[in-house]
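Chemist: Could you look at this predicted model? Sequence included:
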Amino acid sequence: GRIIAIGSIGMPDRASFQIGESVELSPFTSSEENEQIGTFLDRLISLRNALESGTDDAVRTAGDNLGDSEEDLLVTLSGLGAVQMRIEVESARNHTVYGELDTEISRQTDVDLAESLVELSRVETAYQAALQSSARVMSMSLFDYI
């Protein structure tokens, strides 16, 4: 049940995702970064084995090797942190933009009820006047003038 080595099959292409308007981002590590993480973990396993063997020189050498890989690991982790921050910033920006868009859509599609009722009443009055005029004209004939 002990881990004795770390292997990586690699990933040929890093998939990227569109996270905002014309903003694409890949949240994955590169194959080089994966190798560096694998090396760090292999050196960590070597330190464990050296500690179990009890040899001072082996522990010192394994510790020095692990220290060399530590900077690579920190650079990779800080890069992932930057990617996460970028995703959060774009998410907040998208939330603001789409919130404003929803507000504008609502403003454009909402109807002012009082204004609509006044307009309806005006159109209805004009329609009734047209009906009354046409009824008077239709009831007249040439015999009315003779």
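Modeler: Structure's in. What do you need? Numbers count the residues shown, from 1 in each chain.

Chemist: Give me the three-state assignment for Gln18.
Modeler: Taking DSSP: H, G, I helix; E, B strand; the rest coil as the rule, one finds Gln18 in the strand state.

Chemist: What pLDDT does the model give it?
Modeler: With respect to pLDDT, Gln18 has a value of 87.

Chemist: now it: how far from Arg122?
Modeler: Using C-beta to C-beta, to the nearest Å, we find Gln18 at a distance of 49 Å from Arg122. To be clear about C-beta, it is placed using only N, CA and C from the backbone, and glycine gets the same treatment.

Chemist: ditto for Gly99
Modeler: Gly99 is 37 Å from Arg122, by C-beta to C-beta.

Chemist: Tell me, how many residues neighbour Arg43?
Modeler: Arg43 has 20 neighbouring residues, counting by other C-beta atoms under 10 Å.

Chemist: How about the one 4 residues further on?
Modeler: Taking other C-beta under 10 Å as the neighbour definition, Leu47 ends up with a count of 18.

Chemist: hey, C-alpha coordinates of the helix or strand containing it in PDB?
Modeler: Assigned by DSSP states H and E, Leu47 belongs to helix 31-53. Taking C-alpha atoms only, helix 31-53 is exported to PDB below (Å, rounded to 0.1, in the frame of the first residue of the first chain):
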ATOM      1  CA  SER A  31       3.200  18.800 -19.400                       C
ATOM      2  CA  GLU A  32       6.400  20.500 -18.100                       C
ATOM      3  CA  GLU A  33       4.600  21.600 -14.900                       C
ATOM      4  CA  ASN A  34       3.300  18.000 -14.500                       C
ATOM      5  CA  GLU A  35       6.800  16.700 -14.800                       C
ATOM      6  CA  GLN A  36       8.000  19.200 -12.200                       C
ATOM      7  CA  ILE A  37       5.300  18.100  -9.800                       C
ATOM      8  CA  GLY A  38       6.100  14.400 -10.500                       C
ATOM      9  CA  THR A  39       9.800  15.100  -9.800                       C
ATOM     10  CA  PHE A  40       8.800  16.900  -6.500                       C
ATOM     11  CA  LEU A  41       6.700  13.900  -5.400                       C
ATOM     12  CA  ASP A  42       9.500  11.400  -6.400                       C
ATOM     13  CA  ARG A  43      11.900  13.400  -4.300                       C
ATOM     14  CA  LEU A  44       9.500  13.400  -1.400                       C
ATOM     15  CA  ILE A  45       9.300   9.600  -1.700                       C
ATOM     16  CA  SER A  46      13.100   9.500  -1.700                       C
ATOM     17  CA  LEU A  47      13.200  11.600   1.500                       C
ATOM     18  CA  ARG A  48      10.700   9.300   3.100                       C
ATOM     19  CA  ASN A  49      12.800   6.300   2.200                       C
ATOM     20  CA  ALA A  50      16.000   8.000   3.400                       C
ATOM     21  CA  LEU A  51      14.300   8.800   6.700                       C
ATOM     22  CA  GLU A  52      13.300   5.200   7.100                       C
ATOM     23  CA  SER A  53      16.900   4.000   6.300                       C
END
